[in-house]
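Asker: here is my input, please return the structure:
(one chain, ligands or ions: 2)
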Amino acid sequence: MRILALESSCDETAAAVVEDGRRVLSSVVASQIEEHKKYGGVVPEIASRRHCEDIVPVTRQALEQAGLSLPQVDAVAVTCAPGLIGALLVGVNFAKGLALAADKPLIPVHHIRGHIAANYLAHPELKPPFLCLVASGGHSHIIEVLTYTRFRVIGRTRDDAAGEAYDKAARCLGFPYPGGVHMDAAAGRGNPNAFRLPVPKVEGHPYDLSFSGLKTAVINLVHNAQQKGEELNRDDVAASFQKTVCESLCSRLIAAAKELRYDKIVLAGGVSANSGLRGRLAADCRMNGFALYMPPLSLCGDNAAMVGSQGFYEWKAEKFAGLSLNAVASLPVDQEIEC
Ligand code: KG4
Ligand code: ZN
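Answerer: Ligands and ions are numbered 1, 2, ... in the order given. As a prediction, this is how the structure comes out:
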């Protein structure tokens, strides 16, 4: 079963061909980062326009690299939620057109489910059930992955996502967008114990997260230093920030795994590229005897191969869409897509 998959939920236009959910035949990603950098964040209108320009060449390239023509693929999968609505609509409508023209089934894919599935591409032995931490620019969730297509969210952020907090703190410290990767590099040079930053708890919800207080604490550090005319060591701030984010994410994930008796832990989403998070989680899992699965760096960020993988399992569960499929900006990962 070969699936042509498309992804356009944010600032990457991507297409891939994936066989049986596990083998990547091709994967092409056109990033718009350079364009959004000058505005310090993603400009939705620009993202939609760029997707319109890039989606045809990117799809052609993915088919070419797989050595296939459109009639030779078995289905078309597309990210239809959640994300920037204008950006999602480009991928969804293009996928509908392809499916109609080539008379192929159309498979709708939830973006977060895709991030989780990136791990199926890297780890052939990995199968649900497992406990997953998804940390990306838009989401921070602790999810029970019950089957390939059944999910239960047991913890979520109450305000900013982990990646969003990274990007906002980075901006405040003067790093370019997207700041997560720059903060990660700076953290490697700094002292993680230089500043004590808050790790807020959500009363009565032990697995929920909150990052807006942490972001505010970094902003206050910068403003205080500016007012006093002092130079702030941004490597130390980044290292202290990273230590706090990792503590917040890992302590909840490990506590949830112990309580719910999971011994398989999976990491997913753009922030899973973070070296501090990968190191801390590996140590925590080793200490507790948990098996840990992480995507390779090439599959941490947005790509279409992960959509092709999840698309295979949605197809197996007979979750197809008709031509009335719409894009949805916000949709919980455990909710079914209306199609
Ligand atoms: O999953 P993703 O590519 O897009 C969304 O679905 O949101 O995640 C992007 C996020 C950005 O906030 C980016 O700064 C963050 O992932 N990120 C990182 C690192 N690499 C990417 N955050 C911390 N450390 C990194 N190494
Ligand atoms: Zn993503």
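Asker: let's verify Tyr120: helix, strand, or coil?
Answerer: Per DSSP: H, G, I helix; E, B strand; the rest coil, the secondary structure class of Tyr120 is helix.
Asker: use 43 as the first number from now on
Answerer: Sounds good: first residue 43 from here, last item Tyr162.
Asker: for the closest residue to it other than its chain neighbours, give me its contacts.
Answerer: Excluding its sequence neighbours, the residue lying closest to Tyr162 (Cβ to Cβ, 6 or more residues apart in numbering) is Ser351, at 5.0 Å. In short, each C-beta sits where N, CA and C put it, glycine included. Neighbouring residues of Ser351 by Cβ atoms under 8 Å, 6 or more residues apart in numbering: 60, 63-64, 156, 159-160, 162-163.
Asker: at 10 Å instead, please
Answerer: 45, 47, 58, 60-66, 119, 151, 155-156, 158-164, 190, 341 (Cβ atoms under 10 Å, 6 or more residues apart in numbering).
Asker: and Ala117, its phi and psi?
Answerer: With angles defined as degrees, to the nearest 10, Ala117 sits at phi -160, psi 160.
Asker: how about the nearest residue to it, chain neighbours excluded?
Answerer: Pro147 (4.5 Å).
Asker: helices or strands up against the helix or strand where Cys94 lies?
Answerer: Taking DSSP states H and E as the definition, Cys94 sits inside helix 86-108. Packed against helix 86-108, as judged by 3 or more Cβ pairs under 10 Å, 6 or more residues apart in numbering; DSSP states H and E, are the following elements: strand 44-49, strand 54-61, strand 65-73, helix 75-79, helix 127-144.
Asker: quick one: distance of it to the chain centre.
Answerer: 19 Å (Cα atoms, centre = their mean, to the nearest Å).
Asker: re the thing from before, show me which of the contacts of Ser351 are buried.
Answerer: Applying 16 or more other Cβ atoms under 10 Å to the contacts of Ser351, the neighbour count classes 45, 47, 58, 60-61, 63-64, 66, 119, 151, 155-156, 158-164, 190, 341 as buried.
Asker: all strands for the stretch 93-242 of the chain, in order.
Answerer: Taking DSSP state E, counting those that start in this stretch to define them, one finds strands in the stretch 93-242 of the chain at 117-123, 148-152, 172-177, 182-187, 193-198.
Asker: avg pLDDT for the shortest one?
Answerer: Right, strand 148-152. Strand 148-152 carries an average pLDDT of 98.
Asker: if we can go back for a sec, nearest to ligand 1, of the strands of the stretch 93-242 of the chain?
Answerer: In this view, the strands of the stretch 93-242 of the chain are compared for proximity to ligand 1 by Cβ to the nearest ligand atom, and strand 172-177 is the closest at 7.6 Å.
Asker: hmm, back to that, by how many degrees do the helix holding Cys94 and strand 117-123 diverge?
Answerer: For helix 86-108 against strand 117-123, the angle by axes from the mean of the first three to the mean of the last three Cα atoms, to 10 degrees is 160 degrees.
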